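got a sequence here, can you model it:
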Amino acid sequence: MNPLLSDVKGVIHGRTVELTEEPGLPDGQEVTVTLRPVDASATQLPPGEGLRRAFGSWADDAQQLDEFLAEIRRSRKRTRPEIEP
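Model (predicted):
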């Protein structure tokens, strides 16, 4: 991806968009703007909440998840062929 392409949030005031952060472009630089309204119901999650949701049923049972991952590692070692030098 082009390093100059980025998503920057802003607020519309008439025909002016006030950005919430520095765009990193020189004053007067022409740009193309694509407007996507921010979903008002989409609030920022508290720290760690995204990971908790991603873990699904294991979100509240870290020990069971650790045991499951350890078993996967053990089974991979059993079926992995030896590397010959």
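
quick one: the strands in the protein?
Counting by DSSP state E, the chain has strands at residues 10-13, 16-19.

can you put the ones you listed in TSV and add mean pLDDT and distance to Glu71?
Using the backbone N, CA and C atoms, a C-beta is placed for each residue, glycine as well. Shown next, in TSV, are these (pLDDT from 0 to 100; distance: least, CB to CB, whole Å):
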stretch	mean pLDDT	distance to Glu71
strand 10-13	90	49
strand 16-19	90	49
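
worst-scoring helix or strand of the protein, pLDDT-wise?
helix 49-54 (a mean of 80; mean pLDDT, DSSP states H and E).

can you lay out the strands of the chain as CSV showing mean neighbour count and distance to Asp61?
Formatted as CSV, the strands of the chain follow (neighbours: other CB atoms under 10 Å; distance: least, CB to CB, whole Å):
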stretch, mean neighbour count, distance to Asp61
strand 10-13, 11, 42
strand 16-19, 10, 43
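
give me the distance between the most centrally placed residue in the chain and Gly56.
Nearest to the mean C-alpha position of the chain, by CA atoms, centre = their mean, lies Gly50 at 9.2 Å. As judged by CB to CB, to the nearest Å, Gly50 and Gly56 stand 12 Å apart.

for this structure, which spans come out with low pLDDT?
1-4, 40-43 (pLDDT under 70).

can you map out the helices along it?
49-54, 62-79 (DSSP state H).

let me have those in JSON lines, adding distance to Gly10 as columns.
Converted to JSON lines, these look like this (distance: least, CB to CB, whole Å):
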{"stretch": "helix 49-54", "distance to Gly10": "24"}
{"stretch": "helix 62-79", "distance to Gly10": "40"}
